[in-house]
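Q: fold the following, please.
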Amino acid sequence: MSVVMDVAKVTAKGQITIPADVREAVGIREGDKVVFVRMDDGTVSLRNSNLEAIQRAQAGFNGAAEEAGLSNEDDLTALIKSVRRDRAAKG
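A: Here you go, the predicted model:
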């Protein structure tokens, strides 16, 4: 379901001010970049590019822990300590 949150006016330079309630809903802060995504139905979605990058990275790791035999946080902590020990030993 779509909900109109607010309206913004486009300036002569093609710029808009993203309303505060929209920035808050999308998690956009000063200095963030935004991504405009054209959806299959022709609408455009506004997204925080920082969050998009994090979500893409997380999706790339989907299932990697299980494949590496890591079943819980303790396994991950042990792996991190082991990698750090190996790196320290190499100098």
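Q: how many other residues sit next to residue 61?
A: 8 (other Cβ atoms under 10 Å). No exception for glycine: its C-beta is placed from N, CA and C like everyone else's.
Q: pick out the residue nearest the middle of the protein.
A: residue 51 (1.9 Å; Cα atoms, centre = their mean).
Q: wait, that residue touches residue 27, no?
A: Yes. Using Cβ atoms under 8 Å, residue 51 makes contact with residue 27 at a distance of 5.8 Å.
Q: OK, contacts around the residue nearest to the centre of the chain?
A: residue 27 (Cβ atoms under 8 Å, 6 or more residues apart in numbering).
Q: quick check, it in a strand?
A: No. Assigned with DSSP: H, G, I helix; E, B strand; the rest coil, residue 51 falls outside any strand and is helix.
Q: let me see the ranges of the helices in the chain.
A: Applying DSSP state H to the chain gives helices spanning 20-26, 49-60, 64-67, 73-90.
Q: looking at the chain, which helix or strand is least sure?
A: Ranked by mean pLDDT, DSSP states H and E, the weakest helix or strand in the chain is helix 49-60, scoring a mean of 74.
Q: and stretch 50-70, what's buried?
A: Counting neighbours by 16 or more other Cβ atoms under 10 Å, one finds that the buried residues in stretch 50-70 are residue 50.
Q: dump the least confident helix or strand of the chain to PDB, keeping only the CA atoms.
A: In PDB, the C-alpha atoms belonging to helix 49-60 read as follows (Å, rounded to 0.1, in the frame of the first residue of the first chain):
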ATOM      1  CA  SER A  49      22.500   4.700  -0.600                       C
ATOM      2  CA  ASN A  50      24.500   3.900   2.500                       C
ATOM      3  CA  LEU A  51      21.800   1.500   3.700                       C
ATOM      4  CA  GLU A  52      21.500   0.100   0.200                       C
ATOM      5  CA  ALA A  53      25.300  -0.700   0.200                       C
ATOM      6  CA  ILE A  54      25.100  -2.300   3.600                       C
ATOM      7  CA  GLN A  55      22.100  -4.500   2.500                       C
ATOM      8  CA  ARG A  56      23.900  -5.500  -0.700                       C
ATOM      9  CA  ALA A  57      27.000  -6.500   1.300                       C
ATOM     10  CA  GLN A  58      24.900  -8.400   3.800                       C
ATOM     11  CA  ALA A  59      23.100 -10.300   1.000                       C
ATOM     12  CA  GLY A  60      26.500 -11.200  -0.400                       C
END
